[in-house]
Structure formats: structure tokens, C-alpha cells
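*Asks:* only geometry, no sequence info:
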């Protein structure tokens, strides 16, 4: 039997690379992009009070802009991923960095609600869709061999977490020293480093001539149809919805929940800092473990542990000790779903369309995030408590563990058929 009848990945010819475009250099630049992109986004809460007071708005105005930002981030990610798959991540990352910078700069002079929604919502949302770690991960998958792919995804996610840890105190220092408007301009100027670092991906990790591209080149529409007909991909996308629900709910509502339970505002803010710090460890460890053991088992364990930790936390009295322990535990589990999720997409369909297919999974994540934030606020106003959403988070976590269990951790049959047909 000829070797052409054997299923396997289809690799494109190697691209012309410059001597300085080593995989290590590209990975370093990609990690810096992930850190930069995730930083200001995770620090938006610092600007709610000064911006609202300066314009005489209620905080609901700013909240609507951030909600729009999250939705556009989710909707735009599969589009940005498809463009990165077609034209390479360098172009997408570079242009998105400019959108991000423009949104932050325009936000500093927003004196109308429409301008705020345009800047903080539309422009920053588009910038995040094309400059966050999802596109960086897709780029990494094209420059590293399969045995190091999970590690590279973990390090990109950890770098984004580091941005969350670094930019919050940096933003507060900028506001204290220069005022909130100048702080936004400085953040925007920092985002202009993204196009500079994105240049490292040119020729080294994108387009049809990328050096390590696997998967059948069957076109975007055909790949979308195949993906959503594949049971394991649908289960993976469904489970990722729960991740977004939990993360967005905790990010937005954990601080007021803690303060309502008698915890000091300083410890409530440190709780989010601890989550970001331990997230660096958890994300990196998840990437390393994903290269050595079953990715679906990692996901099942992550979601189950989230549910168990949250149930224990809400059943116990809220004290400084329980806050610290819960924050550290959730930090370890926070974004550690990303490396195995993106790794499973690459395993099922190869890396040619990874940016787009992971983008659809992330859209599910962001829809979950929107509902987590919205339901948290609505149900608190109606019941005076977060208990319903806390317990919903526990149930959803355990359900997601069950949903991820039957995932087939192997290339999708439809993908194998397409590869055989082209062989």
C-alpha cells in the first residue's frame, strides 16, 4: 500500500525566514504581545469612577461600553483568526494593535456616551479580537513542532496573565501621578509596541507558506461545516462557554461580594491580584501537562475543581483566610483551560485553520462571560444576593466536566478524509 493512502497532516513548504526569526525569538515577541494586550483590558475598572464623575454619568454607561467590548472581542475573534490563517498573524496583530491604541487614546477624550461606546467598546473590542493571546497561540502553533505546541500555548496564556498582574498597579500609578486621561494615553502609546513585536511573525509563522502548518486546505466555509458537524468540537465549544461564565462573573462581582461580606476594599482588590498571579503558574503548568497527558482529562479536572472550590468557598464563612485560599485556587484554574482547549482544536483539525476554529470556541466563551456578568447584576438587584449565580456556577462547572469527558482526543474523521483525498 502506498504511503499516500495513510492519513496524516499535510505540511506546506517552508517559508523564507530571516536569521533572527528563530522560534525562540518569535515566541518571546508573542508573549510580550499577549502581556501588552491583556494588561489594559484587565485594568478598565480603574477608570470607571474618574471617567464617570468627570462626565456626570452613572456607572451603567461605562458598564455598557465594557459589555460591548466583550461581545465584539468574542464576535471578532473567529474573524481575526480566519484572517490570520489566510494572511498570517503578523498583519492581524499589527493592525489590531493600532485599533487598540486608538481606542485607548480616544477614550481619554470621550465626552459623550456615543464616543465612549465607540472607543472603549468598538475600537478596543476589535483590538482585543486581533491582538490577544488567541491569535498569538495560532501563530505559535505554526512555528513549533507538535511535541512543543502545548507548552507554547501555555506560555502565551501565562504571559497574558502576567499582563493582568503588571498593568493594574501600573495603571493606578499613572492615574495618581498624571490623572486618568494621561494614563489612558500612556496605555495607548504602550499598545503601539504590539505592531513592532508583531513584525517577528512575518514569514515565520503565517500564511499559506508557514513552516509548520498541518491540516487539509479545504477552504474556510468547508472547514466550518466540518467542525460543527464534529461532535467532539461541539462538546469542546460548549464546555468553554462555562469558562467564560465563571471568569466574567468572578472578575466583575467578586470584589463587591467580598466587601458586602465585610472584607476590606484593599483585600478585595488583592483577591483579583492573587488570581492573576497564580494564573501565571496555572496557565504555564497546564501547557506543560497538556504535552504529557490527556488534554480532555485536564479540562475535566479543571472544571470539576472549580465547582468544588467554589462550593466550599460559598458554604464557609467569608474571612481573609478563605478569600486568600480561594483566590489562589481559582488563579491556578483561571485560564488553564486555554492550552488544552486550543491544543484539542489543533489535534482535531490541524493548525491551518486554528485561529478561526479557536475563535469560534472563544466566541462561546465570551457569550458565557456576557451572561455571567449580566445575570450576576440582574439577580443581585432582584434578590439582594449573589447566591443563585454562585450555585449556578458550581452546577455549570460540574456539567462542563461531564461534557468534556466523551471528547475523542484524535484527529476528526472528516479532516482525515479530506487529507486522504488530497494525498
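*Replies:* That came through, no problem. Given the structure is predicted, the values throughout are model-derived calculations rather than measurements. Residues are numbered from 1 along each chain as shown.

*Asks:* List the contacts of residue 276.
*Replies:* Taking Cβ atoms under 8 Å, 6 or more residues apart in numbering as the criterion, residue 276 is in contact with 42, 161-162, 164-165, 168, 331, 334. Quick note: C-beta positions are derived from backbone N, CA and C, even for glycine.

*Asks:* how much space between it and residue 270?
*Replies:* Using Cβ to Cβ, to the nearest Å, residue 276 is found at 10 Å from residue 270.

*Asks:* for residue 32, what are its contacts?
*Replies:* So residue 32 contacts 159, 193, 197 (Cβ under 8 Å, 6+ apart).

*Asks:* what helix or strand is it on?
*Replies:* Using DSSP states H and E, the element containing residue 32 is helix 23-42.

*Asks:* And the helix or strand following that helix, what's buried?
*Replies:* Going down the chain from helix 23-42, the next helix or strand is helix 48-55, by DSSP H and E. Across helix 48-55, burial judged by 16 or more other Cβ atoms under 10 Å covers 48, 51-52.

*Asks:* quick one, helices of the stretch 301-423 of the chain?
*Replies:* For the stretch 301-423 of the chain, applying DSSP state H, counting those that start in this stretch gives helices covering 320-333, 338-349, 354-383, 387-404, 413-422.

*Asks:* Same list (the ones you listed) but as a markdown table, adding mean neighbour count and mean pLDDT.
*Replies:* As requested, those are exported to a markdown table (neighbours: other Cβ atoms under 10 Å; pLDDT from 0 to 100):
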| stretch | mean neighbour count | mean pLDDT |
| --- | --- | --- |
| helix 320-333 | 20 | 94 |
| helix 338-349 | 28 | 89 |
| helix 354-383 | 22 | 84 |
| helix 387-404 | 19 | 95 |
| helix 413-422 | 17 | 50 |
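
*Asks:* Can you tell me which of those helices is nearest to residue 224?
*Replies:* helix 354-383 (7.6 Å; Cβ to Cβ).

*Asks:* helices or strands up against the closest one?
*Replies:* If contacts are counted by 3 or more Cβ pairs under 8 Å, 6 or more residues apart in numbering; DSSP states H and E, helix 354-383 sits against helix 59-87, helix 133-140, helix 220-229, helix 231-260, helix 338-349, helix 387-404.

*Asks:* Pick the most buried one from these.
*Replies:* Of all these, helix 133-140 has the most neighbours on average by mean count of other Cβ atoms under 10 Å, namely a mean of 32.

*Asks:* Distance of residue 226 relative to residue 158?
*Replies:* 31 Å.

*Asks:* now swap in residue 33 and tell me
*Replies:* 13 Å.

*Asks:* on that earlier part again, right, and the helices and strands packed on helix 354-383 - which one's nearest residue 304?
*Replies:* Closest approach to residue 304 among those is made by helix 387-404 (4.2 Å; Cβ to Cβ).

*Asks:* helices or strands next to the closest one in the packing?
*Replies:* By 3+ Cβ pairs under 8 Å, 6+ apart, helix 387-404 packs against helix 231-260, helix 295-315, helix 354-383.
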